[in-house]
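A.B. asks: Show me the folded form of this:
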Amino acid sequence: MPVRFTPATTLILSCAVALAGCGGADGGGAGSPSGATCPGGGTTLRYTGGGNGTTEPANFGSTFFGTYCTGCHGPPVPQSGRDFSSYAVIFANRASIDARAAAGPASTNTDMPRLAPFPTAAERTLLGTWIACGAPQN
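C.D. replies: The predicted structure follows:
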């Protein structure tokens, strides 16, 4: 006998599926390896091209990736085919980056970078927060 769903059942199932996806795809929330979450008011952390080596929130992403990632994952031949000098590539790989380099309440992921220099625990936590907030660019 075929299963029939009432409109109420369909609505409940649709909401359950939608909620199950929250936090997972963008690398943040309970579904992320680090478990990092975005603060209620969002974040001032941003990615701006050409990080100037400062720790100002507006330069966080470009400085973090320029300091810790692009030595291997940058031109001329990026390892794993991932060129982290490109914001688009970073954004597309943010869940993987969270799993390998970010920190949050669930874990501190230290698989990357494999070679010095290494980010501090505080920098890894900021990375997790930045990813959980959707990895804002500007």
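
A.B. asks: Residue 133 against residue 45, yeah?
C.D. replies: Yes. Under the criterion of Cβ atoms under 8 Å, residue 133 makes contact with residue 45 at 7.0 Å. Just so you know, the C-beta spots here come from the backbone N, C-alpha and C atoms, and that holds for glycine as well.

A.B. asks: Now do the buried residues in stretch 38-48.
C.D. replies: The neighbour-count criterion (16 or more other Cβ atoms under 10 Å) identifies 38, 43, 45, 46, 47, 48 as the buried residues of stretch 38-48.

A.B. asks: List the residues that contact the third one.
C.D. replies: It stands for residue 45. By Cβ atoms under 8 Å, 6 or more residues apart in numbering, the contact list for residue 45 reads 57, 60, 61, 126, 129, 130, 133, 136.

A.B. asks: State the helix or strand in which the fourth one lies.
C.D. replies: Assessed by DSSP states H and E, residue 126 sits inside helix 121-132.
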